[in-house]
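Chemist: This is the structure alone, sequence omitted:
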């Protein structure tokens, strides 16, 4: 019986399989045939009124909601974003000697943990554990939380059945150990959680005081302070002991023995910081919170510090990152917001930090040979007792979006061009917005003649730069300019600004509350687990029946490459569409020569991306232009923006570039599109002959060779050579610029002769 119980408990801790997810879905029905066999079939799509977008009152702004497993107790405070007159240049990476010395210091780091955020032990989301701002934060005050005590669990290994039984027995006796301090426990070698030297219960108990409410103070809900010893991570001695002291924090947020330490906080919307340990006078080890209900994805960070001293340089080391390379090694800096600096000089979120470096550290990932990576940077405080925020990129929260939509949809003029509906509600009950933008007030026949464009963003919550691009898209198309009016007369735009609001609120980097990457669920969508993706696909199928969809674009952020670029599909199976998917990106590179890089773009359909929104939409709707637009977290390497980091306005500028290109692409005079397409096909034949040393048999063969070459270029690295940007811009201007008709043929002949001359020189060498 004990063996069966342990096996069942072990299965409960595992994530749900596809079969279990399908069993929960109402899309599947179980039937019994006449032969007595049981079959499972997919029900027909439900297109009832319950799935149709619902209206929302602009006077009632939706409040953010999140699972109770996540401790969010700080009221939302809007921040100002600052666009410097000139963008910051790429930051120089810390010298190699500094990095080597830092690795040795981190290996021996030792100090108390001064911040520890509550985590969840749940393996997948349960919709009964949800709260929102109205319930929790009516007046900038919060109900008190009482954290269960730290319970030491002596055990040899977590993977054996005996240990599972011991854990269950210990869990039953947790309530009998309240108030115990100085308990000891063994450290599991190689685990990031045990690097902190503490194991604690994950579910706090909310208690509403009947006579008073405790005013919010940083760290007021923390009740323990473990001691961190970094050397325990690589030590194979099973007798390593870490002493933990409970109730060390006072109500004012300070801690015994570390009163001069910084006060950390991440329990606010989109915040992400799991713990902080002080290892020196001004040095701190930081550990990020993984995506809820997953064991991976640590990239996005967003936290604040208090209790700063003027002209003091603080060092921060984020220890549990997983990517093997980062733009922090190629000129990127974190973004910083200082309250006092904003009050005095009006400077909001901007790039900041010195001594930036990204390297592999000594911590092992879940007991394997794989290592974690460290992001290290320093910051010099300019004021005493300042409140400073640090983030991976310019934050754009769910509340920011709701305030923006409320301002956008108010006013009589905006009602004539923009209609707002609720596409669906997420797992936590957050509203997923749908904007329909066009010039209303026309006849039904004229409305049906307009083509469709679908744009979505923020399916990955940690890619906040995609929201800034989306803001630029909406700002451009809702203005009263001639270009915007022309586009609204010709198109109907369906825009979903935030596909994953739950992940944005929780501070996730990639996943939703289902513990899955939503951009890998488009092929087989379960409505109960992925309501946003299911509703988007349903809306697009209904939208596609009314009018042809010209462009589908999903906005993302990229953590390893510079510039803005796209991932598109190839049409090698259809000879009539060869290279047509590259015409629109080429126009993007012409209209946005300082931001968009055609050379970085990639056009392929791989097996690993079969379930992405780009490929599924491309196949189901038979589109030519289905793109994933990727924006760098760092900056540009081309044009006048070469070597400069992007600001918020630079991300927003892509809205101008996109719609200028859309006007060129759908211009009744298709001479520019035909010229670009012919040039692309000519280049494909030339490059294929150079690559293989012989002329290809057909254009289809040339395109396949071009796609293979494009994949190799994409995998070569995340940074371009110093001169590639200028060469690319000049070459594109020469090939596709506004050349008079009488000179176009001469240009093509001259370029062909130049290519042949270069090919002859290569053969001679």
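Modeler: Yep, it's here. All values reported here derive from a predicted model rather than from experimental measurement.
Chemist: where do the strands sit along the stretch 551-700 of the chain?
Modeler: Listed in chain order, the strands of the stretch 551-700 of the chain (DSSP state E, counting those that start in this stretch) span 564-568, 602-603, 625-632, 635-636, 644-645.
Chemist: so what secondary structure elements neighbour the first one?
Modeler: Read that as strand 564-568. Helices and strands in packing contact with strand 564-568 are listed as helix 583-591, strand 602-603, strand 625-632; criterion 3 or more Cβ pairs under 8 Å, 6 or more residues apart in numbering; DSSP states H and E. In short, each C-beta sits where N, CA and C put it, glycine included.
Chemist: at 10 Å what do you get?
Modeler: Other elements packing on strand 564-568 under the criterion 3 or more Cβ pairs under 10 Å, 6 or more residues apart in numbering; DSSP states H and E are strand 549-558, helix 583-591, strand 602-603, helix 613-620, strand 625-632, helix 648-665.
Chemist: Now do it, average pLDDT.
Modeler: Model confidence over strand 564-568, given as mean pLDDT, is 95.
Chemist: So which bits of that strand are buried?
Modeler: Within strand 564-568, the residues that qualify as buried are 564-568, counting by 16 or more other Cβ atoms under 10 Å.
Chemist: the inter-axis angle of that strand versus strand 625-632?
Modeler: 150 degrees (axes from the mean of the first three to the mean of the last three Cα atoms, to 10 degrees).
Chemist: Strand 564-568 to helix 583-591, inter-axis angle?
Modeler: Using the same axes, to 10 degrees: strand 564-568 against helix 583-591 is 170 degrees.
Chemist: Next, the angle helix 613-620 makes with strand 564-568.
Modeler: Going by the same axes, to 10 degrees, strand 564-568 makes 40 degrees with helix 613-620.
Chemist: Give me the angle between strand 564-568 and strand 549-558.
Modeler: Here strand 564-568 runs at 120 degrees with respect to strand 549-558, directions being taken by the same axes, to 10 degrees.
Chemist: With residue 408 as the reference, name the closest of the helices and strands packed on strand 564-568.
Modeler: Go through the helices and strands packed on strand 564-568 one by one with Cβ to Cβ and the one that ends up closest to residue 408 is helix 648-665, at 13.8 Å.
Chemist: and the closest one with strand 549-558, angle?
Modeler: Compare the direction of helix 648-665 with that of strand 549-558 by the same axes, to 10 degrees and you get 160 degrees.
Chemist: quick one: average confidence on helix 648-665?
Modeler: Per-residue confidence for helix 648-665 averages out to 95 on the pLDDT scale.
Chemist: how about that helix: buried residues?
Modeler: For helix 648-665, the buried set under the neighbour-count rule, 16+ other Cβ under 10 Å, comprises 648, 650-662, 664-665.
Chemist: Which member of these is positioned nearest residue 466?
Modeler: Relative to residue 466, the closest of the buried residues of helix 648-665 is residue 651; by Cβ to Cβ it sits at 8.3 Å.
Chemist: got a list of what the closest one touches?
Modeler: For residue 651, the residues meeting the contact criterion (Cβ atoms under 10 Å, 6 or more residues apart in numbering) are 393-394, 396, 464-472, 555, 557, 564, 595, 631-632.
Chemist: In space, what's closest to it - neighbours in sequence excluded?
Modeler: The shortest distance from residue 651 to any residue that is not its chain neighbour, by Cβ to Cβ, 6 or more residues apart in numbering, is 3.7 Å, and that residue is residue 468.
Chemist: Run a quick neighbour tally on the one you found.
Modeler: Residue 468: 27 surrounding residues under other Cβ atoms under 10 Å.
Chemist: again, but for residue 108
Modeler: Burial of residue 108 is recorded as 10 neighbouring residues (other Cβ under 10 Å).
Chemist: Isn't it up against residue 283?
Modeler: No: using Cβ atoms under 10 Å, residue 108 makes no contact with residue 283, being 11.9 Å away.
Chemist: what about residue 478, how many neighbours?
Modeler: Number of residues near residue 478 (other Cβ under 10 Å) recorded here: 18.
Chemist: shouldn't it be in contact with residue 415?
Modeler: No: Residue 478 is beyond contact range of residue 415, at 11.4 Å (criterion: Cβ under 10 Å).
Chemist: returning to that earlier point: got CSV for the strands of the stretch 551-700 of the chain, with distance to residue 368 too?
Modeler: As requested, the strands of the stretch 551-700 of the chain are exported to CSV (distance: least, Cβ to Cβ, whole Å):
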stretch, distance to residue 368
strand 564-568, 30
strand 602-603, 30
strand 625-632, 29
strand 635-636, 34
strand 644-645, 35
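Chemist: Which of those has the lowest mean pLDDT?
Modeler: Looking at those, the bottom one is strand 602-603 with a mean of 91.
Chemist: From the contact counts, what lies against it?
Modeler: strand 564-568, strand 625-632, helix 699-715.
Chemist: Okay, helices next: where are they in the stretch 201-350 of the chain?
Modeler: Listed in chain order, the helices of the stretch 201-350 of the chain (DSSP state H, counting those that start in this stretch) span residues 339-345.
Chemist: any low-confidence regions in it?
Modeler: Per-residue confidence for the stretch 201-350 of the chain (pLDDT under 70) gives these ranges: 201-259.
Chemist: Quick one: mean pLDDT for stretch 577-590?
Modeler: Throughout stretch 577-590, pLDDT has a mean value of 92.
Chemist: got the end-to-end distance for that stretch?
Modeler: Criterion Cα to Cα, to the nearest Å; first-to-last residue distance in stretch 577-590 is 22 Å.
Chemist: how many neighbours does residue 411 have?
Modeler: Around residue 411 there are 10 other residues, counting by other Cβ under 10 Å.
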